[in-house]
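**Q** Structure of the sequence below:
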Amino acid sequence: MEKIKIISYNIDGLPPQLDLRELPCPLRPLAWIYKMVKGTTLITVNDNDDVEWSNRQIGKMLADSCADIVAVQEDFDYHEELLESMASEYDCGKHLGGFDLSRLWKATEWKSKFPLPRFKADGLCLFARKDRVAIMGETIVGWKDSYGYVSHANDLMTHKGFRLYELAVGTAMIDVYVIHMDADFYNAETCPDVSGDLAARHSQFGQLSDYILERYAAGSCRNVIIVGDTNSYPQYDWDDGARSFIDRVGKVLTVSEAVPTGSGDVDRLFFVNNPRAGFRFQLAACRYDRSVRLSDHYPLIVELSFSANK
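**A** Residues are numbered from 1 along each chain as shown. This is a model prediction of the structure:
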């Protein structure tokens, strides 16, 4: 029986501030308007003023973890700092960039459904330990539905979604989905109505389940891991997107979740055993490392064992 170690971590790689004076000329009037209203051209994005240092330390921690697979979210402006310690031991997926206002015009997708500029970055990436795991394919998919542009956690400012990584772990092939779902959470003062956020997350879980089931219907023989920031707390009955995902995929395949004892965090891992695969996953261990305080999340650490089907 073999084991595979997976870490999921929202690394909080957003820059502390954006200065609207860096906008390209066609969008520069937005800076003037914002300054007239707010008295400044600066927009606070991240309360962590030491985010560059934090991402460098996160890279060191992940490099020392000896994890086989590392899935990160919010890998935006400090990807190179993250890589400093990881590059020698890990291969990684494509980095789509960060919050560079000077390139916003070129990085934007203009759609009739949503005609405002968006950073063409999803913040997602996967790192695979070179001596154990090979990245055989990478597919980047945006969410069909998101909610909130200048409110409700600003999900529409970026192209959040999921990535499918086709990985070879020895002779075993697996599909790993790295996800980051619609944010914001009920707060009586700042966010009393989260119906739009809940609807977006429910749609995203549905889109993900459809994608997985379509691959199975097309003949996929691989077991599946889904990991990342769901922005969905398991202890709240009304936030039922994850349960709907488990119920829907579970009608066809065997779905399990790695649930650390006493946990209630949004960073989650699900694994799916495909009867066509030559092996099956079993949960060996899982925990949140609450000793690591380099982000506004804690790393989720999961070990899965796998053995040949009998």
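
**Q** which residue packs closest to residue 56, ignoring adjacent ones?
**A** residue 81 (4.3 Å; CB to CB, 6 or more residues apart in numbering). (Each C-beta comes from the backbone N, C-alpha and C, glycine too.)

**Q** What strand or helix carries that neighbour?
**A** helix 79-86 (DSSP states H and E).

**Q** Off-centre distance for the helix or strand following that helix?
**A** As assigned by DSSP H and E, the chain's next helix or strand after helix 79-86 is strand 90-92. Remark: strand 90-92 is offset 17 Å from the chain centroid, using CA atoms, centre = their mean, to the nearest Å.

**Q** which element follows strand 90-92 toward the C-terminus?
**A** Downstream of strand 90-92 (by DSSP H and E), the next one is strand 125-129.

**Q** as a whole number, average confidence for that next one?
**A** On average, the pLDDT along strand 125-129 is 98.

**Q** Equivalent analysis for stretch 266-286, please.
**A** 96.

**Q** So what touches the longest helix along the chain?
**A** Longest helix of the chain, by residue count under DSSP state H: helix 195-217. With contacts defined as CB atoms under 8 Å, 6 or more residues apart in numbering, helix 195-217 is touched by 141, 143-148, 152-153, 155, 162, 164, 175, 177, 179, 181-185, 224, 226, 230-232, 238-242, 244-245, 248-249, 252-253, 272, 274.

**Q** Verify the stated contact: the residue nearest to residue 56 with residue 52.
**A** Yes. Residue 81 lies in contact with residue 52 (CB atoms under 8 Å); the separation is 5.8 Å.

**Q** Counting neighbours, go ahead and name the busier of those two.
**A** residue 81 (19 against 16; other CB atoms under 10 Å).

**Q** In contact with that one: list those residues for me.
**A** 52, 55-56, 59.

**Q** now do 6 Å
**A** By CB atoms under 6 Å, 6 or more residues apart in numbering, the contact set of residue 81 is 52, 55-56.

**Q** So which of these sit within helices?
**A** Those of those lying in helices (DSSP H): 52, 55-56.

**Q** What's the local residue count around residue 136?
**A** 11.

**Q** Report pLDDT for residue 107.
**A** Value for residue 107, per-residue pLDDT: 49.

**Q** hmm, I was thinking of residue 97
**A** 90.

**Q** The lowest-mean-pLDDT helix or strand in the chain - contacts with which helices or strands?
**A** For the chain, the helix or strand with the lowest mean confidence is strand 42-44, at a mean of 80 (criterion: mean pLDDT, DSSP states H and E). Applying 3 or more CB pairs under 6 Å, 6 or more residues apart in numbering; DSSP states H and E, one finds that strand 42-44 makes contact with strand 17-19.

**Q** re earlier: convert the longest helix of the chain to CSV, retaining C-alpha atoms only.
**A** Extracted in CSV, the C-alpha atoms of helix 195-217 (Å, rounded to 0.1, in the frame of the first residue of the first chain):
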residue,chain,number,x,y,z
SER,A,195,-28.1,34.9,-1.4
GLY,A,196,-26.1,35.9,-4.5
ASP,A,197,-22.9,34.3,-3.1
LEU,A,198,-24.8,31.1,-2.1
ALA,A,199,-26.4,30.8,-5.5
ALA,A,200,-23.0,31.3,-7.2
ARG,A,201,-21.3,28.6,-5.0
HIS,A,202,-24.2,26.2,-5.7
SER,A,203,-23.8,26.8,-9.4
GLN,A,204,-20.0,26.3,-9.2
PHE,A,205,-20.4,23.0,-7.3
GLY,A,206,-22.9,22.0,-10.0
GLN,A,207,-20.5,22.9,-12.8
LEU,A,208,-17.7,20.9,-11.2
SER,A,209,-19.9,17.8,-10.7
ASP,A,210,-21.1,18.0,-14.3
TYR,A,211,-17.4,18.2,-15.5
ILE,A,212,-16.4,15.2,-13.5
LEU,A,213,-19.4,13.1,-14.5
GLU,A,214,-19.0,14.0,-18.1
ARG,A,215,-15.4,12.8,-18.0
TYR,A,216,-16.6,9.5,-16.4
ALA,A,217,-19.3,9.1,-19.0
